[in-house]
Each structure stands twice: as structure tokens, then as C-alpha cells.
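Novice: predicted model and sequence below, questions to follow.
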Amino acid sequence: MFKIILYAPFLKNIQGITLYPFILLKYKHLRKDKFLMNHEEIHLQQQKELLVFPFYVLYLSNYAFNLLRYRNHYQAYRNICFEREAYENEYNLHYLKERKIWAFWKYW
């Protein structure tokens, strides 16, 4: 999988973020965190499947809907379908090899 890892100490309350094809990590040592990297690589795959821009439209739309529903930033974020897939599977290091295309729809 094509990826470019950059270090971004300016990230405030997050360890990492994926903006295809980049994975931005708060600290260099996080590159060795195989579960965080798996989580971010799941996002790379999601973004690739949706040809990047539509991913962001769906991501933000899902977040906005969840924010209206839950009235809480953290709950809205954790219930974004893309995040649900990534969090649920970040500890399964074989997930990306087994994952079916557009698997995030299962979490919508």
C-alpha cells in the first residue's frame, strides 16, 4: 500500500491522521505502534476506494449527522462509519488482507 509517513508535532489531541497518501503522526515513535498504524492504513484503504474526495464528503456528512444525533463531539466522531470500521479492526493485523471492498458500509 502506497503511503507517506510524516511527523506533525503540532497535532493537538490526536495521535495520527490520514490524508491520502499521507499518514501524519504526532511523534516519530508512533510509527512503531502497529495498532495505530493499522488503524490509519484502514483509513488509507477507505480513502482509496472512494477516490479520496468523496471520502471526505461522506466523512464530514456522517460526522455532522452524528453531531445532531448525539450532541457530543466524541460520540459523533466515534460513530462515523469509517472510524467504527477502523477502531473495531485496528487490533486485527490481518484485517486489510481479509477486508472486502467498501466494508465501511457495514458500519453505516
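Specialist: Nice, I can see it. Residues are numbered from 1 along each chain as shown.
Novice: hang on, residue 7 packs against residue 22?
Specialist: No - between residue 7 and residue 22 there is no contact under C-beta atoms under 8 Å: 10.8 Å. In this view, the C-beta of every residue, glycine as well, is placed from N, C-alpha and C.
Novice: buried ones in stretch 13-29?
Specialist: Applying a neighbour-count criterion of 16 or more other C-beta atoms under 10 Å, one finds 16, 18, 20, 23-26 buried in stretch 13-29.
Novice: determine the longest helix present in this structure.
Specialist: Longest helix of the chain, by residue count under DSSP state H: helix 53-70.
Novice: what are the ranges of the strands in the chain?
Specialist: Applying DSSP state E to the chain gives strands spanning 4-7, 16-19, 22-25.
Novice: want to throw the ones you listed into CSV with mean pLDDT and distance to residue 97?
Specialist: Listed next are the strands of the chain as CSV, based on pLDDT from 0 to 100; distance: least, C-beta to C-beta, whole Å:
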stretch, mean pLDDT, distance to residue 97
strand 4-7, 97, 20
strand 16-19, 98, 19
strand 22-25, 98, 19
